[in-house]
Structure formats: C-alpha cells, structure tokens
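Participant: one predicted model, sequence on top.
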2 protein chains.
Amino acid sequence: MSKGAETREAILETASRLARTVGLGGMTIGTLAASAELSKSGLYAHFRSKESLQLSVLEHTRARFVAEVLAPSLSAPRGEPRVRALFENWLSWDGKEGGCLFVAASSELDDQPGPVRDYLVQVQQDWLDSLAEVFRTGVAEGHFRLDADPEQFAFEEDGIMLSHHMSSRLLSDSLSADRACRAFEHLLDRARIH
Amino acid sequence: MSKGAETREAILETASRLARTVGLGGMTIGTLAASAELSKSGLYAHFRSKESLQLSVLEHTRARFVAEVLAPSLSAPRGEPRVRALFENWLSWDGKEGGCLFVAASSELDDQPGPVRDYLVQVQQDWLDSLAEVFRTGVAEGHFRLDADPEQFAFEEDGIMLSHHMSSRLLSDSLSADRACRAFEHLLDRARIH
C-alpha cells in the first residue's frame, strides 16, 4: 500500500468509529479533522465533499463487514452450521464500539434521497440476500424444510438482529444477547425438518 | 388552548415531521424556522436550545403515539384481539410520512449520552413493557400458554416491527407488511395453547 493509501485507510477507520457514535450525518469534516488530528484542508484533499466522505466510510465499513462477518461464515459447513456462524458473526460485529454502522445509518438516511441512501439500499438488499442464500444451503443439505421461505427467514432473522441492536445499545439490556439467541433457535426450529 | 400554546403545538407538529425526515440531530433551529415559516428568534422564544427543542418534539410525538397506537388498542377485548390491535396500530403509525420517529432517533442517538438519549431509553423501555403487558392479558384470558415469556414475546414482536420499518422505508419493499404479518402469526402461534 502506498503512503497515501495508508493515510486514507487510517482516516477511514477513524471516520468509521466516529460515524458509529455520532451518526453518519453528524460527522462533519471539522469533527473528523479533530478526531484524526489532521487539518480540514488535508481532509478535503482526500474527500472532496461530505457526501464523498460518507460514501467512502460506508465502502470501507462494508469491506470490513465482508471480511469479519460474511467471509468467515463460508468456512463453516453448508447448512445449519453456516446459518449459525453468520448469525454469531453478526452479533460479534454489532457488539463492537458503536455497533453496526449500517443499522444506524439506514434509519438515519431512509428519507434522504441521494447516492448515500442508494448505497445503503444496496448494502441492506445484499445483506438480506446473503441471509436467504445461506439459508438455502440448509434446504439443499436437507436440514431445513423444502417449503421454507428463505426471504421470510431473512426478514425474521434481520428482525432479531435489529431488536438485539436496540436492546443492547440503547437499553444496555444484559439479557439482550440471550433473548436474541432464543429467538433465533425458535426461528431455526420452525425451519427444521422434524 | 391559549394562542401561545396553539402556536407551540403547530411548531412541534412541523418539527416532528421534519425530524422524521432529516433525523432529530439533522433538524436545526434554522431548518425548522424555514419549514415553520418563523424567524429563528421567534423559535428561540419557544425553545431555548436545540436539546430542549429535541426533547419537546419527542414529548409531542409520544403524546401522539399514546393517542394513536396505545390508547385505541385498549378498546379491543383483552388477550389476543388486543395484542393484534396494538400490532396493527403500530404498522399504521410507522406507515405515516417519515415512519416512526422513535426507531430513527434511537439508532441515531444510542451513543450520545444526555437527556435526549435518556428520554428515548424511557420511551423504548415503556414500549417493550406495554407489548409485554398486553401479551399478559392473553395469558390471563387463557389465550396464551402459562409458561410463555412476555418479555421474550415483546423482544421478538419489536424485532418484526423493526425489520418492517427497515424493509418498507429503506427498501420500499411492497411485500414488507405481508412478511411482518406472517412473522407475527408465527409468533402468536407459538404462544397459543394448542
């Protein structure tokens, strides 16, 4: 990696942490400059506008999401073990400082048309597709019922994750992860062949 | 209502719509003045600070939430009919312009300590308590199993609502309400005495 690329990565890592705390919209070139200990003009050299900064932060976060949540689940065996691995990887991801940026950014920007919202739509759609796709490996392996609906499973699984995000982050409810796991077991149980 | 109180209510209604679109943090005294067609100094006379404005908007929205979502569900018969009424009232509430402000504000402010976050914690805790409490009427009426866990039910029901909020608002998924209703039927079915 060139020196310029390294600096950019380091800035994006700081920006991603900042955005998880104050929101993507709450992050300004000014607050980021202070956090990253850089001049505003230095930051403008990397990101021409607030929108371009927001998009770069989301792309950076998505690359990390793929590396930390999606990719490792593919080393679990197809079917139920992989479905479980993906769920658990997401719980760990959301447990990090500030929680999942996509959850926060999605409710924040769902009514603000533009390229940032368009990007979030893609991320969320891809995420639901991944949940459904991994579930389908469980149908193919004979772990789940043939008539189970993978998109419905993804919708409900994402709901459990969102409820956990709310209960753990906003309410600091120490029972939240247990509740999420119980809900997930119920969901799996309904899909399983008995 | 006095003229001053009427003006204040009208401003809060405009502010509540604005906050649902741009976020509670994205709403400034300046943008609100433009939307409400008032001077900034006129607004400062009603709300001394941005924080006091945010709190007033949340209190105003909560009063509407009680009137539109909670109160009408109490006219449904105790037990399953009331649980259904509460769920359906929430779906209608979230279907209005900009969606449920509490969902958006909660992810936006979950990492920003202060009185606004404290208020959101109260609202969310009260909401989960209400969901659990209404579920309990169904246990008392003999509609739901005695060993069902009302807090777990509330956690999962809220998850369905959050997933619907995400799918309908961000993804504009026309199937979202159907999916939410199917998920809710599964949840009820698990609680029912068979």
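Facilitator: Noted; the coordinates are in hand.

Participant: for stretch A:72-92, the averaged confidence score.
Facilitator: The average pLDDT within stretch A:72-92 is 98.

Participant: got it, and stretch A:119-126?
Facilitator: On average, stretch A:119-126 scores 97.

Participant: identify the residues contacting that stretch?
Facilitator: With contact meaning C-beta atoms under 8 Å, 6 or more residues apart in numbering or on different chains, stretch A:119-126 is reached by A:Leu55, A:Leu58, A:Glu59, A:Arg62, A:Phe102, A:Ala105, A:Ser106, A:Leu109, A:Asp110, B:Met166, B:Leu170, B:Leu171. From N, CA and C alone the C-beta is placed, and that goes for glycine too.

Participant: nearest to A:Val22 among those residues?
Facilitator: A:Ala105 (11.5 Å; C-beta to C-beta).

Participant: so who does the closest one touch?
Facilitator: By C-beta under 8 Å, 6+ apart, A:Ala105 lies in contact with A:Ala19, A:Gly23, A:Leu24, A:Leu58, A:Val116, A:Leu120.

Participant: helices along chain A, start to end?
Facilitator: A:3-22, A:29-36, A:40-46, A:50-65, A:71-73, A:80-94, A:101-109, A:115-140, A:150-165, A:176-191 (DSSP state H).

Participant: pLDDT wise, what is the residue lying closest to A:Ala154 once chain neighbours are set aside at?
Facilitator: Excluding its sequence neighbours, the residue lying closest to A:Ala154 (C-beta to C-beta, 6 or more residues apart in numbering or on different chains) is A:Leu131, at 3.8 Å. At A:Leu131, the model reports a pLDDT of 98.

Participant: hang on, A:Leu131 packs against A:Phe153?
Facilitator: Yes - taking contacts as C-beta atoms under 8 Å, A:Leu131 lies within contact range of A:Phe153: 7.1 Å.

Participant: can you list the helices of chain A in JSON lines and add distance to B:Leu175?
Facilitator: Output for the helices of chain A, formatted as JSON lines (distance: least, C-beta to C-beta, whole Å):
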{"stretch": "helix A:3-22", "distance to B:Leu175": "30"}
{"stretch": "helix A:29-36", "distance to B:Leu175": "38"}
{"stretch": "helix A:40-46", "distance to B:Leu175": "41"}
{"stretch": "helix A:50-65", "distance to B:Leu175": "25"}
{"stretch": "helix A:71-73", "distance to B:Leu175": "26"}
{"stretch": "helix A:80-94", "distance to B:Leu175": "22"}
{"stretch": "helix A:101-109", "distance to B:Leu175": "18"}
{"stretch": "helix A:115-140", "distance to B:Leu175": "11"}
{"stretch": "helix A:150-165", "distance to B:Leu175": "8"}
{"stretch": "helix A:176-191", "distance to B:Leu175": "18"}
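
Participant: B:Ala180: which of these is closest?
Facilitator: In terms of C-beta to C-beta, the element of the helices of chain A nearest to B:Ala180 is helix A:150-165, at 7.8 Å.

Participant: packing partners of that closest one?
Facilitator: Contacting helix A:150-165 under the criterion 3 or more C-beta pairs under 8 Å, 6 or more residues apart in numbering or on different chains; DSSP states H and E are the following elements: helix A:80-94, helix A:101-109, helix A:115-140, helix A:176-191, helix B:150-165, helix B:176-191.

Participant: out of these, flag the one nearest A:Leu146.
Facilitator: helix A:115-140 (6.2 Å).

Participant: just the buried residues of the closest one, please?
Facilitator: Using 16 or more other C-beta atoms under 10 Å in any protein chain shown as the test for burial, helix A:115-140 gives A:116-117, A:119-121, A:123-124, A:127-128, A:130-132, A:134-139.

Participant: equivalent analysis for stretch A:166-183, please.
Facilitator: A:166-171, A:173, A:176, A:179-183.

Participant: separation between A:Thr137 and chain B?
Facilitator: A:Thr137 sits 21 Å away from chain B, going by C-beta to the nearest C-beta, to the nearest Å.

Participant: distance of that residue relative to A:Phe65?
Facilitator: 20 Å (C-beta to C-beta, to the nearest Å).

Participant: next, the contact list for A:Leu43, please.
Facilitator: A:Ile11, A:Ile29, A:Leu32, A:Ala33, A:Ala36, A:Leu53.

Participant: switch the cut-off to 7 Å
Facilitator: A:Ile29, A:Leu32, A:Ala33 (C-beta atoms under 7 Å, 6 or more residues apart in numbering or on different chains).

Participant: which one of those residues sits closest to B:Ile160?
Facilitator: Relative to B:Ile160, the closest of the contacts of A:Leu43 is A:Leu32; by C-beta to C-beta it sits at 36.3 Å.

Participant: spatially, which residue comes closest to that closest one, not counting chain neighbours?
Facilitator: The shortest distance from A:Leu32 to any non-neighbouring residue, by C-beta to C-beta, 6+ apart, is to A:Ala15 (5.4 Å).

Participant: again, but for A:Arg82
Facilitator: Nearest one to A:Arg82, counting by C-beta to C-beta, 6+ apart, is A:Ala76 at 4.4 Å.

Participant: next, count neighbours for the one you found.
Facilitator: 18 (other C-beta atoms under 10 Å in any protein chain shown).
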